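Visitor: coords below, sequence missing:
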Ligand SMILES: Nc1ncnc2c1ncn2[C@@H]1O[C@H](COP(=O)(O)OP(=O)(O)O)[C@@H](O)[C@H]1O
Ligand SMILES: [Mg+2]
């Protein structure tokens, strides 16, 4: 099977890493990939989606897997399918579950899927009136994609009103803020769950926890994610069942009724309040770094899993997961998340320790390559992943590997998975 992976981050590297080890895979392509994916397959420099689809036809690519949200929201899946190609990811219509928070919230309300009480509006007075009925903190969200910066948790009604005014005037997020959501604050703990969907059936992966803040003890600014672990002991069978029955099943059924069957990764942001899962949001692709820790826990070959999902055959697949744990620690560049940093050479010590050699690995993200040398060029540079029989063992292995990776200005959290230890 020939497979192409769209994207350039650690998420795409980690999918590629599994495909590289997969006996069913012949040729592996990345578009555009990064400085390390070229060690797993061939990087393709085509940006236009129509040209990329033609490349897939010409090179007999049997399956394309889409990593990031932007191409999905832009409709890359529709373009590939129009050429009769197999591609794993949601259509442009279904990707609105992530692309528009207004669409998502109205969908949840229509199908009685638990979510925070809210209003959606482009009218300032309506928003203010609703804010007056709430007690602080109050959550204000821009409708469109804002790169993870479009949500304000306001400490007072005044602050919430200010956030609404700035969004509606187009000042803070341009067109993405022309509609807003105002919603009640949910007090609980957060989880990410991922379901691989084929429109009607799905496979739920082990629940993960991400670490959004830059610094230890969840201090500092928000980032794309500084580390993750899975499975989390915070989820028991009962909670998994509630998520399946109350959120995933009605979402897949609802999207079929909307004539936008959901194919791809449904990423459910959940707040658990008094043991009840409430939907915070959907994303329509894997989280990064969650993907990097979920991939190594998958025992079913990745080619089979994604191919069956893309061809609506998940009902014939039995997926097995490892009973181990995985912990991923992100190593970021000096100025992340504020601004870019000077390229820095990455040096990985020879790994002589068998335990590390066999149970830890690097997923590369923001890197480029020159004459066989890797340079840190992105914000999040790489993820050190450890696997083990306990969360502690997996974490210790991940950190041992971190100690063997060097580049100028490297930055990492030292407390990944603290919630579980
Ligand atoms: N209703 C809410 N109550 C409490 N916290 C919230 C609420 N909505 C969002 N958050 C917090 O804000 C973060 C970002 O919100 P989210 O809806 O996931 O948007 P995005 O990921 O697109 O920025 C969440 O991960 C959560 O920590
Ligand atoms: Mg989110």
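Guide: The structure has been received and is ready for your questions. Keep in mind it's a predicted model, so treat the numbers as computed, not measured. Ligands and ions are numbered 1, 2, ... in the order given.

Visitor: drop to CA atoms for contacts and neighbour counts, all remaining ones
Guide: Fine.

Visitor: tell me the domain ranges of this structure?
Guide: Structural domains assigned to the chain are 3-90, 117-184, 189-420, following automatic domain parsing.

Visitor: count the neighbours of residue 8 for me.
Guide: The tally of other residues near residue 8 (other CA atoms under 10 Å) stands at 23.

Visitor: picking that back up, of the domains of the chain, which is nearest ligand 1?
Guide: Checking the domains of the chain against ligand 1 by CA to the nearest ligand atom gives domain 117-184 as the closest, at 3.7 Å.

Visitor: returning to what we had before: can the domains of the chain go into CSV with extra columns for mean pLDDT?
Guide: Shown next, in CSV, are the domains of the chain (pLDDT from 0 to 100):
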stretch, mean pLDDT
domain 3-90, 98
domain 117-184, 95
domain 189-420, 96
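
Visitor: of those, which is nearest residue 109?
Guide: Nearest to residue 109 among those is domain 117-184 (9.1 Å), distances taken as CA to CA.

Visitor: so, in contact with ligand 1 or not, the closest one?
Guide: Yes - Domain 117-184 comes into contact with ligand 1 (CA under 6 Å from any ligand atom), by way of 139, 148-151, 183-184.

Visitor: sitting in helices, which of these do you find?
Guide: Within these, no residue falls in helices by DSSP state H.

Visitor: and those residues as a markdown table, adding distance to residue 383?
Guide: Putting those into a markdown table (distance: CA to CA, whole Å) gives the following:
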| residue | distance to residue 383 |
| --- | --- |
| 139 | 31 |
| 148 | 20 |
| 149 | 22 |
| 150 | 25 |
| 151 | 26 |
| 183 | 34 |
| 184 | 35 |
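
Visitor: are any of the residues you listed buried, and if so which?
Guide: 139, 150-151, 183-184 (16 or more other CA atoms under 10 Å).

Visitor: show me which residues of the stretch 1-150 of the chain sit near ligand 1.
Guide: Neighbours of ligand 1 within the stretch 1-150 of the chain, by CA under 6 Å from any ligand atom: 116, 139, 148-150.

Visitor: closest to residue 55 out of those?
Guide: Checking these against residue 55 by CA to CA gives residue 148 as the nearest, at 31.9 Å.

Visitor: pretty sure the closest one is touching residue 224, no?
Guide: Yes - proximity of residue 148 to residue 224 meets the contact threshold set by CA atoms under 8 Å, at 7.4 Å.

Visitor: tell me who's in contact with the residue nearest the centre of the chain.
Guide: In the chain, the C-alpha nearest the mean C-alpha coordinate belongs to residue 287, at 1.3 Å (CA atoms, centre = their mean). Residue 287 sits next to 11, 267 when contact means CA atoms under 8 Å, 6 or more residues apart in numbering.

Visitor: that one in helix, strand or coil?
Guide: coil (DSSP: H, G, I helix; E, B strand; the rest coil).

Visitor: what's the closest non-adjacent residue to residue 332?
Guide: Residue nearest to residue 332 in three dimensions, not counting chain neighbours: residue 380, with 4.3 Å by CA to CA, 6 or more residues apart in numbering.
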